[in-house]
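> return atomic coordinates for the entry below.
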Amino acid sequence: MRWALVKVCLAVTTMVVVAFAVPLGLVVQRMASDRAFSNAERQAATIGPTLSITTDPAQLRKAVESTQMGAARRMSVHVPAVGDRGPVDIGEGRAGERAVAETRRIGRATTASVPGGGSALLQPTALGSGDIAVVEVFVPESEVSNGVATAWLVLAGVGLALIVGSVGVADRLGARLVRPAERLADAAHQLGEGRLGARVPEEGPKELRSAAVAFNAMADQVVELLANERELAADLSHRLRTPLTVLRLNTASLGAGPAVEQTRAAVEQLEREVDTIIRTAREQRPATGLVGAGAGCDASEVIRDRMDFWSALAEDQGREVRLAGVDRPVRIPVARPELAAALDAMLGNVFRHTPEGTPFAVDVHDASDAVIVLVSDAGPGIADPDAALRRGNDGGRDGSTGLGLDIVRRVAESTGGDVRLGRSVLGGTEIRVWIALDGRSRGGAGGGRAVRGRRKRRGA
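Numbering: from 1, shown residues only. Modelled structure (predicted):
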């Protein structure tokens, strides 16, 4: 925008300078020519009184030499034949006999070009005998263009100064308009990247000041809404501690047994998750994110542990379970609780949304740049995979809050990976979780970009 304003001002000023300077230069050139020929006419008129009195060559020569032009050998007099006296030419003629005869014939002053440069003014003058003599005054080219070059240089300098000055003024005005807009755009980018303290100075033109005020008010509102959301999450999570305490006390009185131990482990895990939610909300940091170098967990170990937990329920419901790819360590840049929560969300969906007796499988594939976790079942499948990935329940999916797969998606995206839903080889749903090992998003066929695009549309 700034350069566009400069270009517009440059074009307009250039056109104005050309429109005024060129005609003015031509006028100056014309004035210099008129001045030179007017001076020549005055010099020619000084011989008129002498020609009206006498045509004697000696007298005429003396009169011509007494003038400024005659002394400079730039004036000549052409007297026609009078009576018995033949034609008389005083001084050095340059115009030629044909030009002299033509001037005598038409009876008014004319100009003629002189070979070698310059012009000649031919002024007819009446003699006492009634004949016409012609006074010739030579006007050199230097006198015709005297001061013209200087005038053109002055006009060019003035025009250039006007152009440079207008460009400078346009640049300053453009900067005054563009800089507030750039600051507004930069603050918007910072806010989009999560830097909630980004604000815009309320300065510049009136419209941009209004935009800055609106942006700052919006940013303050966003910060307030996020703070309220964090406080609400912390308060709600804190309220769960009372029923969790009751559950923990009740499990202590159940005695011993595999089911009791699993129930106690589930209550303890639920308490840890509630504590994590409270700490996260109070510390004002995201619940998931990239872990540091050397951190993470062994995916094989976590998957085996969670499968031990769910296998008892699978046995009770008559489900066939297949587990593959967990016979050796597989390090991933995801914290153990986060991976466990994601696995519980996927396996919980299998038990919740497929009939009893439906088999399922968990496969782990260790590639060079990523780890792929596949959870597949032989159930009825998912009719709308995109809707299943949307956070929250709109009331159309009974028994589901829509948060389970969103947890899985956020765990995958925290590493630069993605989540896809499709048809499994067992005939039901397949959840493919791509966990990147190098922190970059998955390439090819859309990869993580498709999931992130859906997330951006939800945020819009």
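
> quick one: the strands in the stretch 351-460 of the chain, in order.
Per DSSP state E, counting those that start in this stretch, the stretch 351-460 of the chain carries strands over the ranges 360-366, 370-377, 418-423, 429-436.

> tell me which of these sits most buried.
strand 429-436 (a mean of 24; mean count of other C-beta atoms under 10 Å). Quick note: C-beta positions are derived from backbone N, CA and C, even for glycine.

> and that one with strand 370-377, angle?
170 degrees (axes from the mean of the first three to the mean of the last three C-alpha atoms, to 10 degrees).

> output the contacting helices and strands for strand 429-436.
Judged by 3 or more C-beta pairs under 8 Å, 6 or more residues apart in numbering; DSSP states H and E, strand 429-436 is in contact with helix 336-353, strand 370-377, helix 404-413, strand 418-423.

> can I get it in CSV? Just the C-alpha atoms.
The C-alpha trace of strand 429-436 is given here as CSV (Å, rounded to 0.1, in the frame of the first residue of the first chain):
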residue,chain,number,x,y,z
THR,A,429,-14.1,-49.0,12.3
GLU,A,430,-10.4,-48.4,12.1
ILE,A,431,-8.8,-45.5,14.0
ARG,A,432,-5.3,-44.7,12.6
VAL,A,433,-3.2,-42.6,14.9
TRP,A,434,0.0,-41.1,13.3
ILE,A,435,2.5,-40.0,15.9
ALA,A,436,5.4,-38.2,14.3
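
> identify the residues contacting that strand?
Contact partners of strand 429-436, identified using C-beta atoms under 8 Å, 6 or more residues apart in numbering, comprise 299, 332-334, 342, 346, 349, 369-377, 379, 381-382, 405, 408, 411-412, 415-424, 442, 447-448.

> re the thing from before, tell me, which of the helices and strands packed on strand 429-436 is the model least confident about?
Out of the helices and strands packed on strand 429-436, helix 404-413 stands lowest, with a mean of 82 (criterion: mean pLDDT).

> helices or strands up against that one?
Under the contact definition 3+ C-beta pairs under 8 Å, 6+ apart, helix 404-413 sits against helix 336-353, helix 385-389, strand 418-423, strand 429-436, helix 448-459.

> again, only this time at 6 Å
If contacts are counted by 3 or more C-beta pairs under 6 Å, 6 or more residues apart in numbering; DSSP states H and E, helix 404-413 sits against helix 336-353, strand 418-423.

> thinking again about what came up before, could you dump the strands of the stretch 351-460 of the chain to a markdown table with distance to Ala161?
Below are the strands of the stretch 351-460 of the chain laid out as a markdown table (distance: least, C-beta to C-beta, whole Å):
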| stretch | distance to Ala161 |
| --- | --- |
| strand 360-366 | 73 |
| strand 370-377 | 65 |
| strand 418-423 | 62 |
| strand 429-436 | 61 |
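
> relative to Ile163, which of the helices and strands packed on strand 429-436 is closest?
helix 404-413 (54.9 Å; C-beta to C-beta).

> how far off strand 429-436 does that closest one point, in degrees?
If you take the same axes, to 10 degrees, helix 404-413 sits at 30 degrees to strand 429-436.

> so, low pLDDT: which residues of this protein?
1, 83, 234-239, 241-242, 244-246, 249, 252-253, 278-295, 390-404, 439-460 (pLDDT under 70).

> against the centre of it, work out the most remote residue.
Ranked by distance from the centre of the chain (C-alpha atoms, centre = their mean), the top residue is Asp84, with 94.3 Å.

> can you list the buried residues in stretch 133-148?
Of all the residues in stretch 133-148, those buried under the rule 16 or more other C-beta atoms under 10 Å are Ala133, Val134, Val135, Glu136, Val137, Phe138, Val139, Glu143, Val144, Val148.

> SS state for the fifth one?
So that's Val137. strand (DSSP: H, G, I helix; E, B strand; the rest coil).

> OK, contacts around it?
Ala40, Gln43, Ala44, Met69, Met75, Leu121 (C-beta atoms under 6 Å, 6 or more residues apart in numbering).

> please flag which of the residues you listed sit within strands.
Met75, Leu121 (DSSP state E).

> quick check, nearest of the contacts of Val137 to Gly168?
Ala40 (47.1 Å).

> contacting residues for that closest one?
Shown in contact with Ala40 (C-beta under 6 Å, 6+ apart): Leu121, Val137, Val139.

> for the residues you listed, which one is nearest Ser210?
For the contacts of Ala40, the nearest to Ser210 is Val139 (69.0 Å; C-beta to C-beta).

> so that closest one versus His78, what's the distance?
17 Å (C-beta to C-beta, to the nearest Å).

> now Asp369
For Asp369 relative to His78 (C-beta to C-beta), the value is 105 Å.

> name the residue in the two with the higher neighbour count.
The residue with more neighbours, out of Asp369 and His78, is His78; 24 against 11, by other C-beta atoms under 10 Å.

> next one: phi and psi at that one?
Per-residue torsions, His78: phi -120, psi 100 (degrees, to the nearest 10).

> kindly report the same for the one 10 residues further on.
Note on Val88: backbone dihedrals following degrees, to the nearest 10 are phi -120, psi 130.

> so what's the closest residue to it other than its chain neighbours up against?
Among residues not flanking Val88 along the chain, Val79 sits closest, at 4.2 Å (C-beta to C-beta, 6 or more residues apart in numbering). Counting by C-beta under 6 Å, 6+ apart, Val79 touches Thr55, Val88, Ala133.

> mind listing what the last one touches?
Under the criterion of C-beta under 6 Å, 6+ apart, the contact list for Ala133 reads Leu51, Val79, Thr125, Leu127.

> who does it bridge with?
Taking DSSP bridges as the rule, Ala133 bridges to Thr125.

> separation between it and Ser376?
Ala133 is 123 Å from Ser376, by C-beta to C-beta.

> the first one now?
Between Thr55 and Ser376 the distance, using C-beta to C-beta, works out to 131 Å.

> max pairwise distance over the contacts of Ala133: which two?
Of all pairs in those, the most separated under C-beta to C-beta is Val79 and Thr125 at 9.5 Å.
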